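Enquirer: have a look at this prediction, sequence included:
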Amino acid sequence: MIVALAGGVGGAKLAHGLYQALPPDELTIVVNTADDFELFGLRISPDADTVMYTLAGIANPETGWGVVGDTWQTLEMLGRYGYDMWFRLGDRDFATHIARTERLRAGQTLTEVTHTLATALGIRAALLPMCDQLVATQVATPDGVLPFQDYFVRRHHADTVKGVVFAGIEEATISASVADALRQARAIVFCPSNPIVSIGPILAVAGMREALGAARAPKVAVSPIVGGKALRGPADRMLADLGYEVSALGVARMYQGLIDGLVIDTADAALHAPIAALGMRVLVTHTVMHDERDRRSLAEQVLGFAAQLSAEDATIIK
């Protein structure tokens with residue numbers, strides 16, 4: 001089994017590449033749910049839904065989120081009733097949130113609900129939320145502490161970031177499903193997701209770092225920073241605001257001690273030696289995923305890199 005840690009559009013793209021490259025029932029994706037929030041009385045799970053729609057082949061390729069070909073009549077009607085429409089939800093997307101909320105209120109766990117929704121969309125990979133408890137990313141800005149979606153969507157991630165807090169993380173624990181997946185993994189992949197607000201919450205769940213440390217599988221990350229910039233979203237500015245170096249080397253330092261290898265783009269080939277000096281192996285390749293062929297190509301290279309690490313290290317599971 002291959003386990004991927006993912007969040008955001010970059011994470012969804014590589015998860016889709018892995019899904020194409022592997023037998024579908026050999027992939028488990030642990031997804032960030034700390035950007036979940038409630039809107040119109042419904043539980044919205046942006047990262048989980050982006051991964052789910054992408055694997056189901058129904059993601060909107062233009063936006064990277066939402067459902068392709070979706071319509072907006074529900075949102076437009078809510079607007080006529082005077083509701084603020086700052087967060088765009090299409091009609092089909094609404095159905096996902098209605099089904100999720102109804103099942104959660106009936107007492108199912110988020111893991112159970114996510115499995116039901118993903119299975120209904122024909123997804124054979126296991127899609128697991130990072131935990132079943134509610135965790136909410138909050139962003140400290142010069143204007144105060146903002147819920148993540150206010151910072152990210154309503155204010156277009158334009159604020160200077162002074163700090164990030166995962167409210168409720170002290171109550172979050174690794175689920176049995178996630179623990180089992182990590183225990184059985186033959187490779188663990190950190191997708192090219194924002195290391196602060198996508199991978200960061202996953203790593204902050206109680207028991208997650210211990211489970212990763214105990215896993216004998218090789219752990220490989222793909223840098224979301226290429227040529228000193230994030231390909232999408234505010235990761236580069238968040239890193240800079242919080243005092244991290246905005247480079248693949250900066251990402252390597254953040255994951256030092258957690259991973260065995262880092263995949264960096266050819267644009268960052270000059271960082272090979274300083275990253276290797278941190279005690280991790282480095283694969284230099286094209287990491288920018290323009291289309292589905294790029295996703296599969298990168299996934300195959302990541303899997304090959306992990307297999308190489310496993311073959312070279314007798315302490316890693318084979």
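Expert: Sure, I can see it.
Enquirer: and the residue nearest to Gly279 when sequence neighbours are not counted, what does it touch?
Expert: Closest residue in space to Gly279, ignoring its immediate chain neighbours: Gln256 at 7.2 Å, by CB to CB, 6 or more residues apart in numbering. All C-beta spots, glycine's among them, are computed from the backbone N, C-alpha and C. Gln256 is in contact with 278-280, counting by CB atoms under 8 Å, 6 or more residues apart in numbering.
Enquirer: again with Met238
Expert: Contact partners of Met238, counting by CB under 8 Å, 6+ apart, are 161, 164, 194, 196-197.
Enquirer: is it fair to say it lies in a helix?
Expert: Yes. Counting by DSSP: H, G, I helix; E, B strand; the rest coil, Met238 is found in a helix.
Enquirer: whichever of the contacts of Met238 end up buried, select them in ChimeraX.
Expert: Selection command for ChimeraX covering only the buried members of the contacts of Met238, criterion 16 or more other CB atoms under 10 Å:
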select :161,164,194,196,197
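Enquirer: tabulate the contacts of Met238 (TSV), appending distance to Thr119 and secondary structure.
Expert: Putting those into TSV (distance: CB to CB, whole Å; DSSP: H, G, I helix; E, B strand; the rest coil) gives the following:
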residue	distance to Thr119	secondary structure
Val161	37	coil
Val164	33	strand
Asn194	28	coil
Ile196	31	coil
Val197	28	coil
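Enquirer: which among the contacts of Met238 gets closest to Ile225?
Expert: Taking CB to CB as the measure, Ile225 lies nearest Asn194 of the contacts of Met238, at 9.8 Å.
Enquirer: apart from its chain neighbours, what residue comes closest to the closest one?
Expert: Among residues not flanking Asn194 along the chain, Ala235 sits closest, at 4.2 Å (CB to CB, 6+ apart).
Enquirer: can you give me the neighbour number for that neighbour?
Expert: Residues near Ala235, counting by other CB atoms under 10 Å, number 26.
Enquirer: shaky segments in the stretch 101-250 of the chain?
Expert: Under the criterion pLDDT under 70, no range of the stretch 101-250 of the chain is flagged.
Enquirer: which two among the contacts of Met238 are spaced furthest apart?
Expert: The largest separation in these, counting by CB to CB, is between Val161 and Asn194 at 11.3 Å.
Enquirer: shared neighbours, these two?
Expert: Common neighbours of Val161 and Asn194, using CB under 8 Å, 6+ apart, are 234, 238.
Enquirer: can I assume Gly122 sits in a helix?
Expert: No. Going by three-state DSSP, the assignment for Gly122 is coil, not a helix.
Enquirer: wouldn't it be in contact with Met52 here?
Expert: No. Judged on CB atoms under 8 Å, Gly122 makes no contact with Met52 at a distance of 10.6 Å.
Enquirer: hmm, back to that, from the contacts of Gln256, keep the buried residues only.
Expert: Met280.
Enquirer: and the helix ranked longest in the chain, what does it pack against?
Expert: Ranked by number of residues, the top helix in the chain under DSSP state H is helix 292-312. Secondary-structure packing of helix 292-312 (3 or more CB pairs under 8 Å, 6 or more residues apart in numbering; DSSP states H and E): helix 8-21, strand 187-190, strand 219-222, strand 261-265, strand 281-285.
Enquirer: so that helix versus helix 8-21, what angle?
Expert: Put simply, helix 292-312 runs at 70 degrees to helix 8-21, going by axes from the mean of the first three to the mean of the last three CA atoms, to 10 degrees.
Enquirer: so for helix 292-312, what gets flagged as buried?
Expert: Applying a neighbour-count criterion of 16+ other CB under 10 Å, one finds 294-299, 301-303, 305-306, 309-310 buried in helix 292-312.
Enquirer: now Phe148: how far from Arg237?
Expert: Between Phe148 and Arg237 the distance is 15 Å, computed by CB to CB, to the nearest Å.
Enquirer: wait, I meant Asp93
Expert: As judged by CB to CB, Asp93 and Arg237 stand 27 Å apart.
Enquirer: of the two, which one has the most company?
Expert: Neighbours per residue (other CB under 10 Å) separate Asp93 from Arg237, with Asp93 holding more: 21 against 17.
Enquirer: my guess is the more buried one contacts Asp49. True?
Expert: Yes. The pair Asp93 / Asp49 is scored as a contact, 7.3 Å apart, by CB under 8 Å.
Enquirer: which parts of the stretch 101-250 of the chain are strands?
Expert: Ranges of strands within the stretch 101-250 of the chain are 126-129, 136-141, 144-147, 163-167, 187-190, 219-222, 225-226, 229-230, based on DSSP state E, counting those that start in this stretch.
Enquirer: to Asp260, which of these lies closest?
Expert: Closest to Asp260 of the strands of the stretch 101-250 of the chain is strand 219-222 (CB to CB; 5.3 Å).
Enquirer: what is that closest one packed up against?
Expert: Judged by 3+ CB pairs under 8 Å, 6+ apart, strand 219-222 is in contact with strand 187-190, strand 261-265, helix 292-312.
Enquirer: dump the ones you listed into TSV; add distance to Arg209 as well.
Expert: Putting these into TSV (distance: least, CB to CB, whole Å) gives the following:
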stretch	distance to Arg209
strand 187-190	12
strand 261-265	18
helix 292-312	19
